[in-house]
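> fold the following.
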Amino acid sequence: MLEVFIYGAIIALIAGTVLPLLYRSKNARKASFGLSFISSILLLAFAGITLYTGKEPVFPAFRFLPGLDFTLAADRLSAGFILLIAAVTSGVSIYSIEYVEHAKSEARKDLQTALTNLFILAMLMVVIAGNMVGFLVFWEIMSLSSLMLVLHDYSSEENKKAGLFYFIMTSLSTAFLFMGFISLLRLTGSSEFGPLDYPASDLTLPFLCLFTGFGIKAGLVPFHKWLPYAHPAAPSSISSLMSGVMLKVAIYGFLRFLLSVSTPELWWGTLILIAGTLSAVLGVIYAVKESDIKRLLAYSSIENIGIIFTGIGLYLIFKLEGVESLALLSLAGACFHAFNHALFKSLLFLGAGSVVHATGTRNIEAFGGLIKRMPHTTALFLIGSVSIAGLPPTSGFVSEMMLFQAYFYSSELPDPLLKVLLIITLSVFALTSALAAALFVKLFGITFLALPRTKCAQEAAEVPKPMLFGEAVPAAFCILSGLFSSRILALLGFDLGIPDMLLLGLILVGTCGLVWIVVRNSDPSKTRISKETWGCGILAQRPTMEYTSAGFSEPLVVIFKKIYRTEISSTRTYSDIKESIFKNGTARIHLIKFFEERLYIPVAYAVSLISSQVSRMQNGKLDTYVLYVFIAVLTLMTFTRYFA
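Predicted structure coming up:
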């Protein structure tokens, strides 16, 4: 039965990829997304049964070449990420039925539909790949299909730059993964995934390569810069899949390696913890200053990926220090946060797509008052905002609470240096949570509340029902996985002492309902509430009086100016010679893109310089090329003789 679910899902996704290319019509596109929705239902059933029963189905192997077998395998780890893929895909499939019709041409609509199904299929196959060969093959298909989706509007210079950035970083990621897998193959003699019972010193090179490769794809700092370019360029439904699922596929690959190592080293956990903590705090700090709604959400993804890596780092540290209960709590918290982030970030990107569709812009400064024009989108976006801000009783609160619990009980560690490290990272983690709450107060308030600030916000209208239904699916998962979190984890065999969120949720709903009834039934004639507040003589509120995105963020920009590297410049002209009477002037605030301007661009210039020097070697003479081949063969023979 489990095999039927998987094969049915694969066949449905293959059919969904081919159908819009063969029959170019709106009905074919609807059928294609219907097939992807059916595949998500089959995958939900497969993942649920596997997680509950613990069964590990065996699939037949396919042989590509002698010695290169392609195998499929599934266990509880892969089933958990299949559940994640299915939960996000179900909502995106419904949403895309209407959303894809806004593409500029029929050809782009068909291609986007086909590539979306191929992208989902590739991510699924990466998760169930049983060996390194299949993993890398489908990893590349996943990367190339997502690259083509980022470049869907190839006439835009912004999209071209985003595609170039993404292509370079994903190629670099694949190169490190290839080196890591080659080193594992040389060590174990097998391409199959399995236990790695080797000394940690032998696994140092694979660890560093895989940590870098998966870290680039997941968006860890300082390899994160492709996210703020790729996510705004891609269609919102694809941004939802990239942020919600693709980043988690990288997490899956890293966990697949890490959990198979029998004797990791303490510095591994320390490195992961520090990298995760820095990614979390820098991600949210850079998100706070953004006024592009999709770029803001992209930086927020960097923050949440950092939180997941923080949990993984804590798991390794607690495991090696012999505190198994805290290690399990940290790992469960990291995995649960990966699942939760997939839900609320896909919801937020879909909601952002609805807002951009209704207004025609991604600039938060142009929004305002959308709650009256898009009430259903507002309610669904609020659920995502509350969940990502870590407020009860949503799922985001539960996973962050699990990591906070692991931190609070870390006093059991015997090593004083580790205690100091955990106290510092706990402080940064708490700061990250507070800034995330402030970030989504800004995003939700300035986007949906107050008065419309531009004509496009005044003329906005609610999106079609399929897009709303698509957003409602992850919104429902956010609420249900929060309310029933303790029961879900108990069914999976994790008795971690998580508070009953269902009871807390009922208390919160009851309290809000009671307050609403009291306010509704109160007699305004008996209350001394002034109907109009004193407003400095102003009779009516105007949009220009509202907080803007930049105004809301300005105090935090000042606080973190050392990180932003803020540059303020101004020019002034005066009406008199002694410069006493000011005439006019301009002021400019520039926030340096530190990693791009100080890290990526210098490296790019160095590579360009080396390439220009190497290009001189191609003089077009056959004798010269024969000499190059001879030197290369001689070098390879020497290396093989003395170093291999």
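> which residue is nearest the middle of this protein?
Centroid-nearest residue in the chain: Ser243, 3.2 Å away (criterion: CA atoms, centre = their mean).
> what about that one, which SS state?
Here Ser243 is recorded as helix under DSSP: H, G, I helix; E, B strand; the rest coil.
> give the contact list for it.
By CB atoms under 8 Å, 6 or more residues apart in numbering, the contact set of Ser243 is 227, 231, 297-298, 301, 345-346, 349. Yep, even glycine has a C-beta here, placed from its N, CA and C like the rest.
> which ones among these map onto helices?
Those of those mapping onto helices are 227, 231, 297-298, 301, 345-346, 349, per DSSP state H.
> residue ranges in this structure under the pLDDT threshold?
Within the chain, the segments meeting pLDDT under 70 span 60-68, 523-540, 566-568, 587, 589-598, 641-644.
> all strands of it, in order?
For the chain, the strands defined by DSSP state E cover 62-65, 68-70, 566-574, 582-591.
> rewinding a little: I'd like the distance between the residue nearest to the centre of the chain and Pro375.
Using CB to CB, to the nearest Å, Ser243 is found at 25 Å from Pro375.
> just Pro235 next, same as before
Remark: distance between Pro235 and Pro375 (CB to CB) = 24 Å.
> now Gly91, nearest residue through space, not along the chain?
Using CB to CB, 6 or more residues apart in numbering and skipping the chain neighbours, the partner closest in space to Gly91 is Val473 (3.4 Å).
> is it true that that neighbour touches Thr89?
No - taking contacts as CB atoms under 8 Å, Val473 lies outside contact range of Thr89: 9.6 Å.
> which one of the two is surrounded by more residues?
Higher neighbour count among Val473 and Thr89: Thr89, with 32 against 25, using other CB atoms under 10 Å.
> roughly how far apart are the nearest residue to Ser237 once chain neighbours are set aside and Pro235?
Leaving out its chain neighbours, the residue that sits closest to Ser237 by CB to CB, 6+ apart is Ser96, at 4.7 Å. Ser96 sits at a distance of 8 Å from Pro235 (criterion: CB to CB).
> which one of the two has more residues nearby?
Ser96 (31 against 23).
> surely the more buried one is in contact with Thr113?
Yes - between Ser96 and Thr113 there is a contact under CB under 8 Å: 7.4 Å.
> overlap in contacts, these two.
The contact lists of Ser96 and Thr113 share Phe33, where a contact means CB under 8 Å, 6+ apart.
> name the nearest residue to Leu502, ignoring sequence neighbours.
Nearest residue to Leu502 in three dimensions, chain neighbours excluded: Leu483, at 4.7 Å (CB to CB, 6+ apart).
> neighbours around the one you found, how many?
Other residues lying near Leu483 total 22 when counted by other CB under 10 Å.
> same question, Ile371
17.
> ok, back up a step: which residues do Ser96 and Pro235 both contact?
Common neighbours of Ser96 and Pro235 (CB under 8 Å, 6+ apart) do not exist.
> how many neighbours does the closest residue to Ile168 other than its chain neighbours have?
Closest residue to Ile168 apart from its sequence neighbours, by CB to CB, 6+ apart: Trp226 at 7.9 Å. Neighbour count of Trp226, defined by other CB under 10 Å: 25.
> wait, what's in contact with Trp226?
Listed by CB under 8 Å, 6+ apart, the contact set of Trp226 reads 162, 165-166, 168-170, 219.
> one more time with 7 Å, if that's ok
By CB atoms under 7 Å, 6 or more residues apart in numbering, the contact set of Trp226 is 165-166, 169.
> give me the distance between stretch 474-483 and the centre of its chain.
Computed by CA atoms, centre = their mean, to the nearest Å, the chain-centroid distance of stretch 474-483 equals 18 Å.
> one more: stretch 184-198?
Its chain's C-alpha centre and that of stretch 184-198 lie 30 Å apart, by CA atoms, centre = their mean.
> cool, and stretch 228-241?
For stretch 228-241, the distance to the chain centre is 10 Å (CA atoms, centre = their mean).
> ok, Met169 touching Gly215?
No - if you go by CB atoms under 7 Å, Met169 and Gly215 don't touch, sitting 10.8 Å apart.
> which residues do those two both contact?
The contact sets of Met169 and Gly215 overlap at Phe223 (CB under 7 Å, 6+ apart).
> now do the helices in the stretch 351-500 of the chain.
Along the stretch 351-500 of the chain, counting by DSSP state H, counting those that start in this stretch, helices occupy 370-373, 375-388, 395-408, 416-448, 455-458, 465-483, 485-491.
> possible to save those as CSV with distance to Phe5?
Listed next are the helices of the stretch 351-500 of the chain as CSV, based on distance: least, CB to CB, whole Å:
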stretch, distance to Phe5
helix 370-373, 40
helix 375-388, 29
helix 395-408, 25
helix 416-448, 36
helix 455-458, 45
helix 465-483, 19
helix 485-491, 19
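> hang on, the earlier thing: would you check which pair of the ones in helices among the contacts of Ser243 lies furthest apart?
For the ones in helices among the contacts of Ser243, with distances taken as CB to CB, the pair at the greatest spread is Leu227 and Ser346 (14.9 Å).
> so which of the two has more stuff around it?
Ranked by neighbour count (other CB under 10 Å), Leu227 and Ser346 place Ser346 first, with 34 against 28.
> what's the spacing between that one and Leu208?
Distance from Ser346 to Leu208, counting by CB to CB: 31 Å.
> what segments of the stretch 1-150 of the chain are helices?
Using DSSP H, counting those that start in this stretch, the helices found in the stretch 1-150 of the chain span residues 2-22, 26-53, 76-99, 106-128, 132-150.
> what's the first one in contact with?
For helix 2-22, the external contacting residues (CB under 7 Å, 6+ apart) are 28-29, 31-32, 35-36, 38-39, 42-43, 45-46, 49-50, 55, 57, 59, 110, 113-114, 117-118, 120-121, 124, 128.
> make it 6 Å
Helix 2-22 is contacted from outside by 28-29, 31-32, 35-36, 38-39, 42-43, 45-46, 57, 110, 113-114, 117-118, 120-121, using CB atoms under 6 Å, 6 or more residues apart in numbering.
> can you name the farthest residue from the center of the protein?
In the chain, Ile577 marks the outermost C-alpha relative to the chain mean, sitting 56.8 Å out by CA atoms, centre = their mean.
> how about the nearest residue to Arg588, chain neighbours excluded?
Spatial nearest neighbour of Arg588, excluding adjacent residues (CB to CB, 6+ apart): Ser569 at 4.9 Å.
> neighbours of that neighbour, how many?
Neighbourhood size, Ser569 [other CB under 10 Å]: 9.
> again, but for the one 4 residues further on
Using other CB under 10 Å, Thr573 has 10 other residues around it.
> pretty sure it contacts Ile581?
No - assessed by CB atoms under 6 Å, Thr573 is found out of contact with Ile581, at 10.2 Å.
> before we move on, the earlier item: highest neighbour count among the ones in helices among the contacts of Ser243?
Scoring the ones in helices among the contacts of Ser243 on neighbours with other CB under 10 Å, the highest-scoring entry is Ser346 at 34 neighbours.
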